[in-house]
Each structure stands twice: as C-alpha cells, then as structure tokens.
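S.K.: Whatever this is, show me its structure:
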Amino acid sequence: MATEFWFKFNFKDWANDVRPLSLTARGMLLELIIYMRQTATIGMMPLDIRLIVRLTGCLTEEATESITEFKNFGIFDFVKNDDGSETIISRRIVKEFERSRINTANGKNGGNPTLKNKIRLTDSVNQNANQTSNSISNSNFNSNFDLEKKAWFDVFWDKYNKKQDSKKCLDKWLKLSDNEINAALDKVEAYVHSTPDVQFRKNPLTWLNGKCWEDEIIIPTLNTKISNFEKAVKADLHSMIIYDNDNE
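M.R.: Okay, here's the model as predicted:
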C-alpha cells in the first residue's frame, strides 16, 4: 500500500463534480477515488471493467455506463497506452499527493517560508501533475510497470487477507499468465471461506507457488467441526489420564 497522506475534501468541489452524474456513477466515483488513493501508483489505475466490477460490486452494464459518464464530463483523464489499453488518472489525487510530499519536505526544513531551498508549492504541484500525465501519454506505461496485473494483485491480496511476504507475492503474481490470474481470482474466495481461521490458512506465497487454485477445496461442515472438537477433547482426557497415572 502507498504511504499515508492527508487528503483534502472540498464539499463544494465535490458537489460540482458529481452534479451531472447519475447516482450509480457518483457511488462508483467515490469507490475508484478510494482505490486509486491506496494503490502503489497513486492516482492511477487501469481501465478494466472486470476490475471495476470486482472492486465496486456493480453490474458490468453499470460500470460501462459510469465510465462513459466520467469520460463525457471530464471527471478523470483517460490515457491510451501503446498496447491499446487505457489508464485512468485522477489529477486531483496526483496533485494532493505531490502537495503532501512537498509539505513533508518543507517541514523537515523547519517549515520556514524564508528558507532559501524552500519548494514553491503551487508551481511544483502543477508541474509534477502535468509531467505525470504527459509521461504516460508519451510512453507505454505497462512497459515500466504492469499496472493491470498490480491492480488485480490488490484485489487478490485483500481477499486472501493474510498479509505475509507481500513483495515476494507481488513478484510471483506478476509472473503469472492471464489465465492463471483469472483462475486464482475465481478460487481465492472459496479457499478463504474454507479456512476461516487465518492461522491455518496457507502463506499466500505458498498458495501462489503451489498453484493451489487447482486443488480441490473442502468446505468444513458442522460434523467436521464437531469431530475435530471431539478429537481435541479425547486428546485432553488422554493427557489427563497419563498425568494421573504418573503421579500415583
């Protein structure tokens, strides 16, 4: 996840932005802003309808119609990559992140506006936000960082919900084929449901390395739970009997 930074919420600006949107698009806008705020590539995400459906829980038709609204009313920037895919960019998030970064840097210098090396906030924020958008427009973004796979990894990581070896897991994920990623995403929820106790859930790296999405998933039943409880009770009783015999 990205480093935390404070995000200004201007109610008037928000009202102006969402006024022309449908209620569905307004809800989706908030969901996407939250997601783009949390990604490693702050303020950006791939335009992938399947991903948006998974993130928001909406229907495919609703996602498609909302994206059309965002394009028509200029809510986000949509940048085409060399491979034909598109990247969604929130200039506001990019600017707020740059503003936060600069404030942090100035704070380390004491926050004194008379300091010689103090960064001019407004000029730098606008310049860097424009550079971010232009650099993506002029190059294939996915050649430097597989944005779409990283976005799908974020979905997997949240659903798996056992935060261990994140960097190794991401490296492994980026090496998976599209078919393997689809299979993993299709099976991860069922596997998590079959292992409600996180301590007995496999390390996510083990799950990915072993291609465990290909394994049969056995959902524990009530009888299985009772059986396990009975075994535990019998084991405790057996230990008590041995202890009593040793002390007679």
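
S.K.: measure V18 to V94 for me?
M.R.: Separation of V18 from V94 (C-beta to C-beta, to the nearest Å) stands at 19 Å. To be clear about C-beta, it is placed using only N, CA and C from the backbone, and glycine gets the same treatment.

S.K.: so where's the protein uncertain?
M.R.: Applying pLDDT under 70 to the chain picks out residues 1-9, 100-147, 220-248.

S.K.: That one - how does it break down into domains?
M.R.: For the chain, automatic domain parsing gives the domain ranges 11-144, 147-214.

S.K.: Redo the ones you listed as JSON lines? Include mean neighbour count.
M.R.: As requested, the domains of the chain are exported to JSON lines (neighbours: other C-beta atoms under 10 Å):
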{"stretch": "domain 11-144", "mean neighbour count": "16"}
{"stretch": "domain 147-214", "mean neighbour count": "15"}
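
S.K.: now I49, nearest residue through space, not along the chain?
M.R.: Nearest non-adjacent residue to I49, counting by C-beta to C-beta, 6 or more residues apart in numbering: A63, 5.1 Å away.

S.K.: got the contact list for the one you found?
M.R.: M28, I49, I52, V53, T56 (C-beta atoms under 8 Å, 6 or more residues apart in numbering).

S.K.: Secondary structure element holding it?
M.R.: Secondary structure assignment for A63, by DSSP states H and E: helix 60-72.

S.K.: Render the CA-only coordinates of that helix in PDB, please.
M.R.: What follows is helix 60-72, C-alpha atoms only, in PDB (Å, rounded to 0.1, in the frame of the first residue of the first chain):
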ATOM      1  CA  THR A  60     -21.000  -4.800 -15.900                       C
ATOM      2  CA  GLU A  61     -23.600  -2.600 -17.600                       C
ATOM      3  CA  GLU A  62     -23.400  -0.100 -14.700                       C
ATOM      4  CA  ALA A  63     -19.600   0.000 -14.800                       C
ATOM      5  CA  THR A  64     -19.600   0.600 -18.500                       C
ATOM      6  CA  GLU A  65     -22.200   3.400 -18.400                       C
ATOM      7  CA  SER A  66     -20.400   5.100 -15.400                       C
ATOM      8  CA  ILE A  67     -17.100   5.100 -17.300                       C
ATOM      9  CA  THR A  68     -18.900   6.700 -20.300                       C
ATOM     10  CA  GLU A  69     -20.200   9.400 -17.900                       C
ATOM     11  CA  PHE A  70     -16.700  10.000 -16.500                       C
ATOM     12  CA  LYS A  71     -15.300  10.500 -20.000                       C
ATOM     13  CA  ASN A  72     -18.100  12.700 -21.100                       C
END
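
S.K.: switch to numbering from 7
M.R.: Taking 7 as the first residue, the last one we looked at is helix 66-78.

S.K.: The helix or strand just after that helix pairs with which strands, and in what direction?
M.R.: Moving toward the C-terminus from helix 66-78, the first helix or strand encountered (DSSP H and E) is strand 83-86. On the basis of DSSP bridges, the sheet neighbours of strand 83-86 come out as strand 92-95 (antiparallel).

S.K.: pretty sure M51 is in a strand, no?
M.R.: Yes: per DSSP: H, G, I helix; E, B strand; the rest coil, M51 lies within a strand segment.

S.K.: Could you report the separation of it from A157?
M.R.: 6 Å.
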